[in-house]
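> Okay, predicted coordinates and the sequence, questions at the end:
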Amino acid sequence: MKSLLKLGFGLALLFASTFIVIKAMGWITVDDVRGWLEAGQTASPHTVGMIVAGLLFADLFIAVPTLTVTLLSGHFLGFELGFAYALAGYWLAGGTGYGLSRVYGRRALMLVTKDAAKIAEMEDIFSRHGLMVLSIARAVPILAEVSACLAGATKLPIKRFALGWAINSIPYAAIAAYGGSVSSLNDPKPAIFAAIGLTATLWAAWYIFRKYTKRATSNAS
């Protein structure tokens with residue numbers, strides 16, 4: 001379990017470091033995202049949608065405020081298009097992370113530890129809890145991308161990955177896009193409530209899951 005957490009923490013630090021650098025350099029801000037989406041509106045809704053999907057895909061490589069982007073997607077595109085393009089971005093990021101890590105992830109595992117027994121332990125833990133981890137992966141920033149990479153690195157079956165990713169992405173994208181679609185500058189409360197509700201629910205699920213896994217680990221030992 002410690003080896004899996006060590007790998008996950010290392011991947012999280014990698015993603016987090018990109019966010020810190022970008023934030024410090026002022027490369028991508030919420031205002032930037034809003035400006036790009038507003039500029040895209042002069043072309044067509046699908047141009048805005050492509051920007052949304054591209055930003056959410058980029059979240060695999062550089063930390064992007066996914067909830068904010070999804071809320072804005074619903075605001076600018078309406079619920080249906082906003083939901084569709086946000087979901088496309090989530091799946092592009094998750095699928096790419098899973099695929100790349102499935103091919104090259106073993107090297108990442110070997111960088112953490114060359115102990116074959118520990119690697120087998122990590123694969124076993126993720127095979128038992130991987131679906132749950134993926135299902136609530138949007139509980140905290142960066143966890144979704146980390147979990148997709150871990151799923152690929154530990155060879156989680158693609159059907160289980162797809163199920164877990166669907167559970168974490170479809171309701172999240174739908175609620176956030178709807179909240180954004182019924183919000184305006186004069187009445188941002190629906191978007192605010194959607195953000196608070198999503199965050200609180202997922203944090204509670206993550207807390208319960210952590211308590212359960214700790215208890216199960218202590219009982220097994």
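Nice, thanks for sending it over. Numbers count the residues shown, from 1 in each chain.
> remind me, longest helix of the protein?
Scanning the chain for the helix with the most residues, using DSSP state H, yields helix 79-112.
> what helix or strand does S169 sit in?
In this structure, S169 is located in helix 158-181 according to DSSP states H and E.
> What distance do you get for F57 to I167?
The spacing between F57 and I167, counted by CB to CB, to the nearest Å, is 20 Å. For the C-beta atoms, the positions are set from N, CA and C on the backbone; glycine is no exception.
> Settle it for me: which of these two has more neighbours?
Between F57 and I167, counting by other CB atoms under 10 Å, F57 is the more crowded of the two (19 against 16).
> what pLDDT does that one get?
With respect to pLDDT, F57 scores 91.
> Repeat that for A86.
Note for A86: predicted pLDDT of 95.
> burial measure for it, as a count.
Counted with other CB under 10 Å, the neighbours of A86 add up to 31.
> do the same with G197
The number of residues packed around G197, counting by other CB under 10 Å, is 13.
> so it sits right up against Y172, yeah?
No: judged on CB atoms under 8 Å, G197 makes no contact with Y172 at a distance of 10.9 Å.
> tally of neighbours for Y212?
Residues near Y212, counting by other CB under 10 Å, number 12.
> I misspoke; the intended subject was L92.
Using other CB under 10 Å, L92 has 17 neighbouring residues.
> Could you check how far it is from R107?
According to CB to CB, L92 and R107 sit 23 Å apart.
> Repeat that for K159.
Taking CB to CB, one finds K159 at 25 Å from R107.
> the strands in this protein, which residues?
In the chain, no strands are defined using DSSP state E.
> got the contact list for the nearest residue to F161 once chain neighbours are set aside?
Counting by CB to CB, 6 or more residues apart in numbering, A151 is the residue found nearest to F161 once chain neighbours are left out, at 4.7 Å. Shown in contact with A151 (CB atoms under 8 Å, 6 or more residues apart in numbering): 98, 101, 126, 130, 134, 160-161, 164.
> Among those residues, find the lowest-pLDDT one for me.
Lowest pLDDT within these is found at F126 (69).
> Which residue ranges of the chain form helices?
2-25, 30-41, 45-58, 66-77, 79-112, 116-135, 143-153, 158-181, 189-220.
> Residues in contact with the fourth one: which ones?
Okay, so that is helix 66-77. In contact with helix 66-77 (CB under 8 Å, 6+ apart) are residues 30, 33-34, 37-38, 41, 45, 48-49, 52, 55-56, 59, 81-83, 85-86, 89-90, 138, 144, 172-173, 176-181, 183-184, 191, 194-195, 198-199.
> Just the buried residues of those residues.
Applying 16 or more other CB atoms under 10 Å to these, the neighbour count classes 33, 37, 48-49, 52, 55-56, 59, 81-83, 85-86, 89-90, 138, 144, 172-173, 176-181, 183, 191, 194-195, 198 as buried.
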